[in-house]
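> output the structure for:
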Amino acid sequence: PTDVPVTSPPSPLAILRRMKSLWALAACPAGAALAWASFLTFWPTHALDKLSLPLSSVGALMTLFPLGGTAASFLAGPISDRIRQRKIFILAPGILLPPIYVALFTVTSPVLVGILLLVAGWNAMVWVPIIRTIPFDLKLAPRETAVVVGLSMTIVPIGGAIGPPLVGLIEELSGSLQYGLLSIAAFPLTLLVGGLLIPETSPYRMDRAN
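Here you go, the predicted structure:
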């Protein structure tokens, strides 16, 4: 019998060459991660200095940030399906997080700070389930999905690792923690840039168009 040549399956890495927008999808959270890590590291110290509250009160306020993020993690998917949109949950945090962070680094009203922490937590996490969902919307093969998720999980922690040392360096140079924190407020704009570069993938929206 004639031997049948065995062909190797295509490399899943090829998906990054065929669909350039997947690079934007994987990398766009890096700036948000940088700001998030910096905020979690230094905001309690900033709050103790600027809000004139005891440590217990600052800790209680800080719980509002993950509370907003937890709500976003549970609700982002159902809301996205209902409104037939994915990109808005990446674009909106990219627009809203910079001014929210600036406000958190400058306002001194505990009530306003509490509201801002809830809103900041929501916007800091609402994009996470959406970005994880988009590869499935695109009907990528399992190995291709693993490549995209792996790329994101490689790039995003780098952003998170850069943030706190950057704030610390600026604090040392300027003598002001507030200046250090304000310096990272604009980094979540990477979500806006990435959101503009990726396609809208909601299957509900696509089905409606067909």
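> the spatially closest residue to residue 132 that is not a sequence neighbour: how many residues sit nearby?
Ranked by CB to CB, 6 or more residues apart in numbering and with sequence neighbours excluded, the top spatial neighbour of residue 132 is residue 149, at 7.0 Å. All C-beta spots, glycine's among them, are computed from the backbone N, C-alpha and C. Look at residue 149: counted by other CB atoms under 10 Å, it has 15 neighbours.
> now the host helix or strand of residue 149: buried residues?
Counting by DSSP states H and E, the element that carries residue 149 is helix 142-174. Within helix 142-174, the residues that qualify as buried by neighbour count (16 or more other CB atoms under 10 Å) are 144-145, 147-148, 151-152, 155-156, 159-160, 162-164, 166-167, 170-171.
> now do stretch 123-132
Result for stretch 123-132 [16+ other CB under 10 Å]: buried residues 123, 124, 125, 126, 127, 128, 129, 130, 131.
> ok, the closest residue to the fourth one other than its chain neighbours to residue 118 distance?
Nearest residue to residue 126, sequence neighbours excluded (CB to CB, 6+ apart): residue 72, at 3.8 Å. Distance of residue 72 to residue 118, computed by CB to CB, to the nearest Å: 10 Å.
> tell me what the helix holding residue 149 is packed against?
helix 14-18, helix 21-27, helix 29-50, helix 127-137, helix 177-182 (3 or more CB pairs under 8 Å, 6 or more residues apart in numbering; DSSP states H and E).
> which one of those helices lies closest to residue 193?
Judged by CB to CB, the one of the helices and strands packed on helix 142-174 that comes nearest to residue 193 is helix 21-27, at 7.4 Å.
> determine how far the closest one lies from the middle of the whole chain.
In terms of CA atoms, centre = their mean, to the nearest Å, the centre of helix 21-27 is set 13 Å apart from its chain centre.
> please apply the same query to stretch 44-53.
What separates the centre of stretch 44-53 from the centre of its chain is 25 Å, taken as CA atoms, centre = their mean.
> and stretch 35-52, by the same measure?
19 Å.
> quick one: contacts of it?
For stretch 35-52, contacts defined as CB atoms under 8 Å, 6 or more residues apart in numbering pick out 53, 55, 57-59, 61-62, 65, 97, 101, 104-105, 108, 110, 113, 120, 124, 159-161, 163-164, 166-167, 177-178, 180-181, 184-185, 187-188.
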